[in-house]
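**Student:** Sequence below, structure please.
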Amino acid sequence: MKKIMFLLTLVFSLGVVNAFGFNDKVISKNQLPAQAQSFLNENFADVKISYAKQETDFIERSYEVVLADGTKLEFTKKGNWKEVDCRYGEVPSAIVPAPIKNYINENYSGSRVLKIERDSRGYEVKLSNKLELKFNNDFKIVDIDD
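**Tutor:** Sure, this is the predicted structure:
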């Protein structure tokens with residue numbers, strides 16, 4: 001009996017997920033929020049977009065953009081950047097807040113920023129020397145992972 005209830009619950013759950021339509025849909029650059037378009041034009045104007053997609057889940061809409069050079073960007077529904085991951089290059093200097101740049105230059109001179117993420121708690125930065133630095137919203141270092 002427990003197995004039957006489990007299977008029914010599983011089937012029902014899958015049906016609900018499909019009914020709500022967690023949809024990822026490919027979009028053009030023009031369909032991105034204006035703020036995301038400006039960000040791309042300012043920081044990645046010379047790099048072609050491989051694809052852009054709108055991701056929708058229960059409560060949130062977000063956008064993902066992948067560039068021809070392998071860079072992956074994520075944006076909020078309003079077009080604010082959440083993540084910039086330059087797998088084969090370096091995050092443009094203009095994106096990294098000055099206090100974080102200063103900290104990296106003082107403590108890890110010569111390291112490049114490969115990835116930066118931000119959320120309501122602060123920033124996370126991945127360096128070319130494989131360290132991951134976490135900063136709070138006041139740009140104070142709160143964690144270092146190697």
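
**Student:** which stretches of the chain form helices?
**Tutor:** In the chain, helices defined by DSSP state H lie at 2-20, 34-43, 98-107, listed in chain order.

**Student:** Quick test: name the residue nearest the centre of the protein.
**Tutor:** The centroid of the chain falls nearest to E83 when counting by Cα atoms, centre = their mean (2.7 Å).

**Student:** Looks like it contacts T71 (just checking).
**Tutor:** No - contact criterion Cβ atoms under 8 Å: E83 and T71 do not qualify, at 10.5 Å. The C-beta positions use only the backbone N, C-alpha and C, and glycine is treated the same way.

**Student:** Which residue ranges make up each domain of this protein?
**Tutor:** Domain assignment of the chain by automatic domain parsing yields the ranges 21-82, 90-146.

**Student:** least reliable of the ones you listed going by mean pLDDT?
**Tutor:** Considering these one by one, the lowest average pLDDT is found for domain 21-82, at a mean of 94.

**Student:** Name the nearest residue to Y88, sequence neighbours excluded.
**Tutor:** Take Y88 and drop its neighbours on the chain: the residue closest to it by Cβ to Cβ, 6 or more residues apart in numbering is G70, 4.8 Å away.

**Student:** Please work out how many residues are found near the closest residue to L131 other than its chain neighbours.
**Tutor:** With Cβ to Cβ, 6+ apart as the criterion, L131 has its nearest non-adjacent residue at 5.5 Å, and that residue is D146. For D146, the neighbour count with other Cβ atoms under 10 Å is 6.

**Student:** Roughly how far does D146 sit from L127?
**Tutor:** 10 Å (Cβ to Cβ, to the nearest Å).

**Student:** now N80
**Tutor:** Following Cβ to Cβ, the distance that separates N80 from L127 is 23 Å.
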